[in-house]
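[1] Okay, sequence plus prediction incoming.
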Amino acid sequence: MNTPIPKLPKINDKERTPLVGVLLEIIAKQSEEIDKLEQKILKLKGETTKPKISPSQMDKNTDPNVDEKTRKPRGPMRSKTEDLRIDEIVDIRPDNIPEGAEFKGYREVVIQDIVIKSFNTCYKLAQYRLSDGSYLSGKLPEHLQGCHFGSDLIRLIQYQNHYQLVTQPLLLDFLHDLGVEISAGQVNKFLNLDIEVFHQEKEEILAAGLKSSSYIHTDDTTARHNGKNGNRSPTAYSLSC
């Protein structure tokens with residue numbers, strides 16, 4: 001029958017003399033060695049060893065063995081919303097303010113939200129008739145000339161398709177739900193704006209690769225025929241440098 005190990009009573013800091021401190025340290029080291037030997041015996045017997053569980057951190061700040069002088073002081077509390085841009089300020093007063101109540105300022109509560117809606121602008125271009133019968137008219141900003149859709153809307157379409165992988169039909173439904181009058185062809189046009197520069201870059205990369213490489217590695221596998229794949233293996237073609 002195993003004899004239960006008595007638990008040490010809690011010793012206050014006033015009663016913790018240097019001798020008591022040394023004895024407690026010796027007891028702790030011996031307990032650790034005994035635990036290691038017990039785990040080794042269980043392992044040799046093929047029995048399950050006791051799992052290693054890290055001590056709880058809940059009482060970390062109340063540990064009497066931790067010296068308050070060595071503990072790092074906490075920095076000042078920082079608001080998570082202090083760097084946010086505030087778009088609207090709403091002043092809310094209590095419903096019933098008793099007579100004689102003294103106003104003591106505000107308690108600020110920042111609510112984060114997002115607004116997704118169509119934003120339509122009507123540009124009124126002033127027109128003047130000159131003495132020779134011709135007309136002088138105001139001009140749209142340069143980035144709006146030749147297009148009835150703003151740059152932010154075009155960037156949204158391109159971002160949703162290229163980065164979020166939203167298909168064109170779903171993107172078109174999304175824009176229609178926002179009240180944007182746009183066709184599928186116009187969406188496709190915005191998604192293919194200025195792609196010539198990418199084709200040109202691809203051709204330049206291919207030319208540079210052919211110029212700097214001593215061979216070309218190609219997949220010369222034949223196509224399927226009568227339900228069977230071809231047996232040719234990839235082939236490397238050497239180039240004369």
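    Arrived safely, thanks for sending.
[2] can you list the residues that contact stretch 134-144?
    Stretch 134-144 is contacted by residues Y123, L125, A126, Q127, Y128, R129, L130, Q145, G150, S151 when judged by CB atoms under 8 Å, 6 or more residues apart in numbering. C-betas here are computed from N, CA, C, even on glycine.
[3] Could I get the pLDDT score of G75?
    Here, the pLDDT recorded for G75 equals 64.
[4] I'd like to know how far K45 sits from E38.
    11 Å (CB to CB, to the nearest Å).
[5] out of these two, which sits in the more crowded spot?
    Using other CB atoms under 10 Å as the criterion, K45 and E38 rank with E38 on top: 12 against 9.
[6] Report how many residues lie close to F174.
    Per other CB under 10 Å, the neighbour tally for F174 reads 15.
[7] so it sits in a strand?
    No. F174 is assigned helix when assessed by DSSP: H, G, I helix; E, B strand; the rest coil, not a strand.
[8] isn't it right next to V166, touching?
    Yes. Counting by CB atoms under 8 Å, F174 touches V166, with 7.4 Å between them.
[9] Return the backbone torsion pair for the closest residue to S151 other than its chain neighbours.
    Nearest in space to S151, with sequence neighbours left out and distances taken as CB to CB, 6 or more residues apart in numbering, is H143 at 5.7 Å. Backbone torsions for H143, taken as degrees, to the nearest 10, come to phi -70, psi -10.
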